[in-house]
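Chemist: turn this into a structure:
(one chain, ligands or ions: 2)
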Amino acid sequence: MTTAQAEIPELGYLAWAREVRSLAAECNAVILAHSYQVPWIQEVAHFTGDSLELSRRAAATDAEVIVFCGVHFMAETAKILSPDRTVLIPDMDAGCSLADSITGAQLRAWKDEHPGAVVVAYVNTSAEVKAESDYCCTSANAVQVVQAIPAGKEILFLPDMFLAAHVERQTGRKLEVWMGECHVHAGIEPADLEDRLAEFPDAELMIHPECGCASHAVWMASSGMLPANRTHVLSTSGMLRRAAATDARRVIVATETGLIHRLRVAQPEREFIAANEAAICRYMKMITPDKLLDSLRLNIHEVTVDRDVADRARLAIERMIAIG
Ligand code: 13P
Ligand code: SF4
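Modeler: Ligands and ions are numbered 1, 2, ... in the order given. All right, here's what the predicted structure looks like:
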């Protein structure tokens with residue numbers, strides 16, 4: 001049991017889940033949860049997915065209220081896509097260190113230095129940054145988004161330098177890169193992979209492109225230090241697909257540890273091992289079962305986005321949804 005689950009000792013999972021679902025039905029709410037959420041919240045949600053899947057759900061829902069169990073930029077994206085819905089987040093402080101690494105003013109100054117460049121922003125950015133961008137992308141479609149931009153066009157890619165390196169490798173394009181990072185993924189290092197492989201030499205490796213170790217792992221695989229046919233750099237949804245297709249019995253997973261729960265539920269016959277047990281996003285884990293209940297009970301923590309900012313950001317997000 002995780003700390004967050006232990007915060008509601010008087011209510012077992014079933015009683016809590018029944019209350020959450022019945023309150024959601026009363027207020028015509030849909031509960032969306034990111035794959036890095038604690039297991040109870042993943043299980044009670046109407047839909048659990050990665051950033052791209054959740055954006056698609058938010059755009060398509062006919063519920064009056066969206067309760068977003070994820071971080072603030074994701075709830076903002078839902079609000080931009082569904083401006084007539086009420087969007088709630090169980091904890092307003094659930095931010096993202098990667099999204100905080102660039103502001104709208106910084107992006108405007110960067111664009112001034114590169115007139116005519118196309119701006120591709122990872123969805124892990126504020127609404128204000130999205131409003132200054134031409135395309136959004138997630139780890140699931142960053143490569144396809146860059147491929148959709150005519151060759152020869154200068155591209156400003158932000159804010160994750162490790163995802164940028166992955167996109168450069170996959171597309172063969174040179175990008176201008178904002179040097180931000182996610183502290184959780186950046187903290188998963190090459191030594192973690194080597195230690196885990198020494199322990200489980202037959203395991204397959206799945207590595208999220210935001211990880212500090214992703215470039216090094218690709219280099220190690222190409223120089224024979226890691227098994228090339230068992231080393232895969234994959235988005236969150238890519239990991240779920242690969243886990244269904246692989247015949248490996250054991251898989252080492254380099255990403256936020258919340259995904260391990262989803263992988264285990266989806267593929268109970270396989271063993272999933274965290275590359276680094278400390279890869280826990282404290283912002284994602286601010287969304288606790290009791291805060292979800294309070295948000296539904298009291299209809300609190302509404303996410304709003306300035307209409308002009310939302311209108312400008314929507315185009316970049318809709319392009320992201322349309323690609324890949
Ligand atoms: P996705 O793989 O869902 O794009 O998310 C990565 C991440 O770090 C979300 O905060
Ligand atoms: Fe942001 Fe990293 Fe947490 Fe994702 S895991 S929400 S990128 S801090």
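Chemist: ok, how many other residues are close to E176?
Modeler: Residues contacting E176 under the criterion other CB atoms under 10 Å number 15. For the C-beta atoms, the positions are set from N, CA and C on the backbone; glycine is no exception.
Chemist: show me what it bridges to in the sheet.
Modeler: Taking DSSP bridges, one obtains L156 as the residues bridged to E176.
Chemist: does it touch V119 like I think?
Modeler: No - E176 is not in contact with V119 according to CB atoms under 8 Å; the separation is 9.6 Å.
Chemist: what sits in contact with each of those two?
Modeler: Shared contacts of E176 and V119, defined by CB atoms under 8 Å, 6 or more residues apart in numbering, are found at I155, L156.
Chemist: for the residue of the stretch 201-324 of the chain found nearest ligand 2, what are its contacts?
Modeler: The minimum distance from the stretch 201-324 of the chain to ligand 2, using CB to the nearest ligand atom, falls at C281 (3.3 Å). If you count contacts by CB under 8 Å, 6+ apart, C281 has them with Y36, V71, V184, E256, G258.
Chemist: spell out the secondary structure type for it.
Modeler: coil (DSSP: H, G, I helix; E, B strand; the rest coil).
Chemist: A94 too?
Modeler: Following three-state DSSP, the label given to A94 is coil.
Chemist: distance of the closest residue to it other than its chain neighbours from Q37?
Modeler: Residue nearest to A94 in three dimensions, not counting chain neighbours: M286, with 4.3 Å by CB to CB, 6 or more residues apart in numbering. Using CB to CB, to the nearest Å, M286 is found at 10 Å from Q37.
Chemist: ok, the residue most central in space within the chain - contacts?
Modeler: The centroid of the chain falls nearest to S51 when counting by CA atoms, centre = their mean (4.7 Å). For S51, the contact set (CB under 8 Å, 6+ apart) comprises H34, M74, T77, V123, N124, T138, S139, A140, T236.
Chemist: and the gap between it and ligand 1?
Modeler: 4 Å (CB to the nearest ligand atom, to the nearest Å).
Chemist: contacting residues around the residue nearest to W110 when sequence neighbours are not counted?
Modeler: Using CB to CB, 6+ apart and skipping residues adjacent in sequence, the residue nearest W110 is L156, 6.2 Å away. Contacts for L156 (CB under 8 Å, 6+ apart) come out as W110, K111, H114, A117, V118, V119, V120, L175, E176, W178.
Chemist: now the two most distant members of the contacts of S51.
Modeler: T77 and T236 (15.5 Å; CB to CB).
Chemist: who has more neighbours, the two?
Modeler: Set T77 next to T236 and count neighbours by other CB under 10 Å: T77 wins out with 31 against 25.
Chemist: picking that back up, pull out the buried members of the contacts of C281.
Modeler: Neighbour counting over those (16 or more other CB atoms under 10 Å) leaves Y36, V71, V184, E256, G258 as the buried ones.
Chemist: out of those, which touch ligand 2?
Modeler: Near ligand 2, judged by CB under 6 Å from any ligand atom, the entries from the buried ones among the contacts of C281 are V71, V184, E256.
Chemist: pLDDT at the nearest residue to the second one once chain neighbours are set aside, what is it?
Modeler: Taking CB to CB, 6+ apart as the measure, V184 lies nearest to C281, with 4.8 Å between them; neighbours along the chain are not counted. With respect to pLDDT, C281 has a value of 97.
Chemist: from I41, how far off is C281?
Modeler: 13 Å.
Chemist: same check on S235?
Modeler: Taking CB to CB, one finds S235 at 21 Å from I41.
Chemist: comparing those two, which residue is more hemmed in?
Modeler: More crowded of S235 and I41, by other CB under 10 Å: I41, with 27 against 24.
Chemist: for the record, mean pLDDT for the helix or strand hosting the more buried one?
Modeler: For I41, the host element (DSSP states H and E) is helix 39-44. Taken as a whole, helix 39-44 has an average pLDDT of 96.
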